[in-house]
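> requesting a structural model of the entry that follows:
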Amino acid sequence: MSQPGLREVEHEITISAPADAVYRLIAEVRNWPRIFPPTIYVDHVEENGDEERIRIWATANGEAKNWTSRRTLNPRGLRITFRQEVPAAPVAAMGGTWVIEPLGESESRVRLLHDYRAVDDDPGHLEWIDQAVDRNSRSELAALKANVEKAHAEDGLTFSFEDTVRIDGAAKDVYDFVNEADRWHERLPHVATVRLREDTPGLQELEMDTLAKDGSTHTTKSYRVTFPHRRIAYKQTTLPALMTLHTGYWTFTEDDRGVLASSQHTVTVNTENIARVLGPQATVEDAKAYVHTALSTNSTATLNHAKRFAEERAAGRQD
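Got it, this is the predicted structure:
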C-alpha cells in the first residue's frame, strides 16, 4: 500500500529505436540539456561503478530549481533508479525509475515512474508538484522520442566550437566580468539591454537584446549556472530563428602565465528557417557558418572586453 501523502505516477512513450540505444541516451546525463527541454545543466558529483551522484539544474513550471540525486544504473536490466537527496521546496521527497522495455529489434517502450511527497503534505504544494511532474515528464519523454528517432535525419545539424583568449590577470576578475551580466549593456557594445535575475545564488535567469551587424536586435533568454571562479554553464530557452538548440559554458583556467578564458557553444541548426533568414539558395552549411560566425564574434568580443577588464585590475593592484 502507498504511504499516506505519497503520490505515485507513471508516464510512458513508445520509441522507434532499440532499447539499448535508448538506455544509453538516458544514462549519459551530460547530454541531458540537449535532450530534455527543462534541463539546464547536469554535473557529476560522484561516480562509483553503477552508483553515481549527479546535480541537476532544471525549470519546473517556469521556475529554475536545482537538486542532487543518487542514481543506480542497471544496463542489463535496462533500468535506472533515482532519488533526490535534498529536494527543492515544495518537494519533500522525490524518486523514481526509468524502465526501458524492448518491443522488438527497433522499437521500445519507455516508462518513467515517480513517487513523491509535498512539504507538510500540503495539498496546494502537492498540486504544484503534480503539475510540474506531469509537464516535465511529458516534455522529457517527447523530447527523448524526438531525439532518438530524428538522430539520423539531424546528423550534421548539431555542431560545437570554442573560442579561447589568454589573459594576463586573475581568473576571479575574468569570471566577475562574465558573471556580472547585468552590466553588459554598459560594458559590451553588442548588448543593447539586459535583464538579470538571481533569486537563488548561482542560478541566473538572463534575458538580453543583442545587436546584429545589420543594426537589428534579437532577444534571447538563458538560464545560467555559476561555479565561482571556474565555470558558468548556460542554456538558451528563447532562441534566434536559425537555432533549435544553444547550450554552452564559459571556463576560466588559471596557470603561471595568467588565465585561459574560453567560451564553448553547442548548436543545432533550425532547417525550417534557413530560407527565410538567409535566402532560398542557402544550405545547411551556410546556416552553420552564419551561426558560428555570429556566436563566435560576440563571444570573442566578450572575452576581449573581459581581458581588458581583468588586465586593468591586475595593473591597478601593482601600482
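
> any stretches of this structure with poor pLDDT?
Scanning the chain with the threshold set as pLDDT under 70 gives 1-4, 150-155, 318-319.

> all helices for it, in order.
If DSSP state H is used as the criterion, the helices of the chain fall at 19-27, 32-35, 123-149, 171-179, 184-187, 274-278, 284-318.

> highest average neighbour count across these?
For the helices of the chain, the stretch with the most neighbours on average is helix 171-179, a mean of 22; neighbours defined as mean count of other C-beta atoms under 10 Å. In short, each C-beta sits where N, CA and C put it, glycine included.

> residues in contact with it?
167, 187, 226, 228-230, 232, 250, 252-254, 259, 261, 302, 305-307, 309-310, 313-314 (C-beta atoms under 8 Å, 6 or more residues apart in numbering).

> now the nearest residue to S296 once chain neighbours are set aside: how far from T266?
Here the nearest residue to S296 in space, its sequence neighbours aside, is D163; by C-beta to C-beta, 6 or more residues apart in numbering that works out to 5.5 Å. According to C-beta to C-beta, to the nearest Å, D163 and T266 sit 13 Å apart.

> ok, the residue lying closest to S108 once chain neighbours are set aside - contacts?
If the residues on either side of it in the chain are set aside, S108 comes closest to A19, at 3.9 Å by C-beta to C-beta, 6+ apart. Residues in contact with A19 (C-beta under 8 Å, 6+ apart) are 78, 100-103, 108.

> tell me the contacts of the residue most central in space within the chain?
Within the chain, one residue has its C-alpha closest to the average C-alpha position: by C-alpha atoms, centre = their mean, that is I40, at 2.9 Å. When contacts are counted by C-beta under 8 Å, 6+ apart, I40 touches 33, 57-59, 64, 223, 225, 233-235.

> T297: which of those residues is nearest?
Y234 (17.6 Å; C-beta to C-beta).

> hmm, that closest one is touching T220, no?
No - the pair formed by Y234 and T220 falls short of the contact definition of C-beta atoms under 8 Å, at 10.1 Å.

> name whatever forms a beta bridge with Y234.
Per DSSP bridges, the residues bridged to Y234 are R224, G248.

> now do the contacts for it.
For Y234, the residues meeting the contact criterion (C-beta under 8 Å, 6+ apart) are 40-41, 206, 222-225, 247-249.

> picking up where we left off before, now do the residue nearest to S108 against R79, distance only.
11 Å.

> for the closest residue to S160 other than its chain neighbours, give me its contacts.
Across the structure, with C-beta to C-beta, 6+ apart as the measure, the residue nearest S160 apart from its sequence neighbours is T266 (4.5 Å). Residues near T266 by C-beta under 8 Å, 6+ apart: 34, 158-160, 245-248.

> so how far is Y223 from T266?
Look at T266 and Y223: by C-beta to C-beta, they are 15 Å apart.

> try A64
Counting by C-beta to C-beta, the separation of A64 from Y223 is 5 Å.

> what's the neighbour count on the closest residue to A192 other than its chain neighbours?
Closest residue to A192 apart from its sequence neighbours, by C-beta to C-beta, 6+ apart: D209 at 4.3 Å. Using other C-beta atoms under 10 Å, D209 is surrounded by 14 other residues.

> how about E47, nearest residue that isn't a chain neighbour?
Counting by C-beta to C-beta, 6+ apart, R53 is the residue found nearest to E47 once chain neighbours are left out, at 7.9 Å.

> quick one: end-to-end distance for stretch 266-274.
Start and end residues of stretch 266-274 are separated by 18 Å (C-alpha to C-alpha, to the nearest Å).

> what bridges to S69?
Beta-bridge pairing of S69, defined through DSSP bridges, involves I54, Q84.

> off-centre distance for stretch 20-32?
Averaging C-alpha coordinates over stretch 20-32 and over its chain gives two centres that are 15 Å apart (C-alpha atoms, centre = their mean, to the nearest Å).

> same check on stretch 285-305?
Once both centres are worked out by C-alpha atoms, centre = their mean, stretch 285-305 turns out to sit 19 Å from its chain's centre.

> likewise stretch 121-136?
Stretch 121-136 sits 23 Å away from the centroid of its parent chain (C-alpha atoms, centre = their mean).

> with stretch 231-246 instead?
Centroid separation between stretch 231-246 and its chain, computed with C-alpha atoms, centre = their mean, is 8 Å.

> I'd like the numbering to begin with 17 instead of 1 from here.
Okay, using 17 as the starting number, the last item reads as stretch 247-262.

> got the buried residues for it?
Neighbour counts over stretch 247-262 (16 or more other C-beta atoms under 10 Å) mark 247-253, 255-256, 258-262 as buried.

> distance of T267 from H206?
Remark: distance between T267 and H206 (C-beta to C-beta) = 21 Å.

> re the thing from before, ok, the contacts of I56 vs A162, which is closest?
For those, with A162 as the reference and C-beta to C-beta as the criterion, the closest is P49, at 14.9 Å.
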